[in-house]
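Engineer: I need the structure of the sequence given here:
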Amino acid sequence: MGDRLIFQLGTNNWQRDGEFAPGSGILHEAHHHAYNELPGVRCYSMYPSRVQRSRKGEDDVRVFALDHDIPICESISPVSSHRWHAMSPDEVTAYRERLTAEVTAFIDDVEAATGEEFTLAIAHHAFMNAVVMRDVIRARVDAGRPRMPLLDFAHGTELKMYVHEQRGDDPEEFPRRFLPFMAHEKIFDGGPERGVDVVASISSEQIEAFSAVFGDFPRERIVLSHNGYNQQVFRPAPELYADRERVLAGFTTQPPPGGDRRPEAVAPEGGFDAVVAFVGKFADWKRLDALLRAAASYERGERRVLTLVAGSGPVEQQVRMHELAAELGLERTYFLGPRQQEELATIFACADVGVFPSWREPFGLVFLECMACGTPVIGADSGGPRDFVTDEVGTLVPETDDRQELVDSLAATVERSLAEGWKQAKGPEAARYAHDRFSVVTQVSGLLGEVDRITG
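Structural biologist: So this is what the prediction gives:
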């Protein structure tokens with residue numbers, strides 16, 4: 001008997017060739033490599049990109065080449081502002097048909113070259129990829145081929161899109177369009193002809209969010225699969241922390257395009273005493289503005305605290321955050337722009353605390369990456385981080401709709417973390433906790449076990 005062949009279809013690009021990737025693209029790439037580390041398993045993947053193209057000699061990866069940005073479910077992405085809702089029905093249909101054809105061709109090529117057949121398909125995001133993989137599998141069955149199970153990995157942004165459509169409170173931005181589309185396709189209807197066999201979700205809250213949208217899908221076929229992080233990149237580096245003034249001086253800011261701001265080195269006059277790190281896209285629900293307002297408070301304290309902001313978004317959002325920092329008179333806050341994973345690991349290693357105040361974060365992989373570098377974390381008491389942020393590794397401030405209350409909580413908690421020396425007291429446990437429970441190989445191995453249990 002040959003190896004187990006797995007096919008993955010991703011929604012976002014991988015972080016290659018100078019193109020930055022959102023969390024789901026990074027996760028897909030990490031899963032691909034982790035599956036291929038498992039004995040007796042071979043994984044093949046396809047993902048879209050406007051920048052990247054398939055590499056000669058790389059037989060296990062193929063790029064779905066685009067001449068436009070990657071379609072996204074929400075309004076903001078680090079790499080795209082090309083929304084599904086902005087595409088015409090004909091454009092959506094053409095995208096679906098071309099993707100289906102290219103996935104089919106890739107699968108056929110692999111099976112012809114190996115003489116083996118795929119036995120599991122994985123679609124990332126509970127939207128178009130699930131529809132495409134269902135179509136591919138259905139065509140194979142119609143041609144007399146064995147049916148392979150389909151696992152859908154729900155990431156969160158697509159669920160937010162469906163919720164916006166359900167609420168109907170912003171019909172111009174989110175007209176009720178793709179939720180009826182999914183109902184018509186019967187991908188998650190729970191009947192005998194359902195398109196998806198198993199759904200994996202990254203947090204308990206995301207399971208509830210998925211079930212609130214697709215209530216007919218059997219709960220016993222939904223599994224919790226906490227995200228894993230790349231242990232080869234994110235790990236403690238005390239030598240960087242010990243020399244962080246020199247290390248961070250090698251980073252320069254990335255101002256928004258079109259303005260009169262110029263890049264500057266992270267080298268404040270007089271040095272610094274502590275570092276707060278934020279990594280994330282510039283979206284309202286990430287609540288970077290709350291952290292900046294909190295920084296206006298703790299910058300006035302006796303400690304010279306740096307706030308390092310890594311991430312990006314549409315130009316107007318970048319400008320808005322830079323303008324807010326200027327309005328608040330922030331003097332030790334640096335916007336570093338999007339960064340490669342190795343650079344993020346350096347930032348986390350040099351930080352005293354990572355602060356990620358997202359509202360209902362679907363999971364919070366960035367928390368784990370920060371923890372893995374030996375740095376405690378602060379977040380909000382909602383979403384995925386509730387599953388794993390404990391007092392031993394950091395804290396979650398009370399969730400609230402009152403933005404000023406959130407700002408005050410963040411400022412007070414940052415100051416407490418520095419006063420109590422959380423980096424030294426909680427950092428080692430944060431690194432151990434992340435390492436022992438959240439490696440990517442552990443995650444995908446457990447996920448395959450759950451799929452076999454449900455579909456076997």
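
Engineer: In this structure Gln340 contacts Arg16, no?
Structural biologist: No - in this structure, Gln340 is not within contact of Arg16 by Cβ atoms under 8 Å, at 10.0 Å. C-beta: built from backbone N, CA, C; applies to glycine.

Engineer: out of those two, which sits in the busier spot?
Structural biologist: Legend: neighbour count by other Cβ atoms under 10 Å for Gln340 and Arg16, higher for Arg16 (17 against 13).

Engineer: what's across from that one in the sheet?
Structural biologist: Listed beta-bridge partners, Arg16: Glu19 (assigned using DSSP bridges).

Engineer: And it, how far from Val51?
Structural biologist: Look at Arg16 and Val51: by Cβ to Cβ, to the nearest Å, they are 9 Å apart.

Engineer: can you check Ser211 too?
Structural biologist: From Ser211 to Val51 the distance is 36 Å (Cβ to Cβ).

Engineer: cool, Met182 as well?
Structural biologist: Taking Cβ to Cβ, one finds Met182 at 29 Å from Val51.

Engineer: Check Met148 too.
Structural biologist: 31 Å.

Engineer: Repeat that for Ala34.
Structural biologist: Applying Cβ to Cβ to Ala34 and Val51 gives a distance of 24 Å.

Engineer: Settle it for me: which of these two has more neighbours?
Structural biologist: Applying other Cβ under 10 Å to Ala34 and Val51 shows that Ala34 carries more neighbours, namely 22 against 16.

Engineer: looking at this, the more buried one is in a helix?
Structural biologist: Yes - judged by DSSP: H, G, I helix; E, B strand; the rest coil, Ala34 forms part of a helix.

Engineer: would you list every one of the strands in the stretch 201-350 of the chain?
Structural biologist: Listed in chain order, the strands found in the stretch 201-350 of the chain under DSSP state E, counting those that start in this stretch are 222-224, 274-279, 305-310, 333-337.

Engineer: do the stretch 351-456 of the chain as well
Structural biologist: 353-356, 377-380, 394-397.

Engineer: among those strands, which is nearest Ala277?
Structural biologist: strand 353-356 (4.8 Å; Cβ to Cβ).

Engineer: what helices or strands is that closest one leaning on?
Structural biologist: strand 274-279, helix 365-372, strand 377-380, helix 403-419 (3 or more Cβ pairs under 8 Å, 6 or more residues apart in numbering; DSSP states H and E).

Engineer: Name the residues that touch that strand?
Structural biologist: Outside strand 353-356, the residues within contact range by Cβ atoms under 8 Å, 6 or more residues apart in numbering are 276-280, 286, 291, 294, 348, 364, 366-367, 370-371, 375-379, 385, 394, 410, 414, 417-418, 422-423.

Engineer: Next: stretch 52-70.
Structural biologist: 11-14, 16-17, 19, 32, 36, 42-50, 77, 79-82, 99, 102, 106, 110, 113.

Engineer: ok, 6 Å please
Structural biologist: Contacts to stretch 52-70, defined as Cβ atoms under 6 Å, 6 or more residues apart in numbering, come from residues 16-17, 19, 44-46, 48-50, 80, 82, 102, 106.

Engineer: Pro338 contacts Val309, doesn't it?
Structural biologist: No - assessed by Cβ atoms under 6 Å, Pro338 is found out of contact with Val309, at 10.8 Å.

Engineer: Neighbour count for these two, which is higher?
Structural biologist: Ranked by neighbour count (other Cβ under 10 Å), Pro338 and Val309 place Val309 first, with 25 against 20.

Engineer: how deep is the closest residue to Val315 other than its chain neighbours tucked in, by neighbour count?
Structural biologist: The shortest distance from Val315 to any non-neighbouring residue, by Cβ to Cβ, 6 or more residues apart in numbering, is to Pro256 (5.6 Å). Other residues within reach of Pro256 by the criterion other Cβ under 10 Å amount to 20.

Engineer: so Pro256 touches Gln317, yeah?
Structural biologist: No - between Pro256 and Gln317 there is no contact under Cβ under 6 Å: 9.0 Å.

Engineer: Return the distance of stretch 233-253 from the chain's centre.
Structural biologist: 24 Å (Cα atoms, centre = their mean, to the nearest Å).

Engineer: and what of stretch 373-390?
Structural biologist: Using Cα atoms, centre = their mean, the offset of stretch 373-390 from its chain centre is 15 Å.

Engineer: Any idea how far apart the tips of that stretch sit?
Structural biologist: End-to-end distance of stretch 373-390 (Cα to Cα, to the nearest Å): 17 Å.

Engineer: Just the residues contacting it, thanks.
Structural biologist: 203-205, 234, 236, 345, 348-349, 351, 353-357, 360-364, 367, 370-371, 393-399, 413, 422, 426-427, 430-431.

Engineer: Would you mind checking the residues you listed for buried ones?
Structural biologist: Taking 16 or more other Cβ atoms under 10 Å as the criterion, what is buried in these is 203, 205, 234, 236, 345, 348-349, 351, 353-357, 360-364, 367, 370-371, 393-397, 399, 413, 422, 426-427, 430-431.

Engineer: Fine by me, thanks again.
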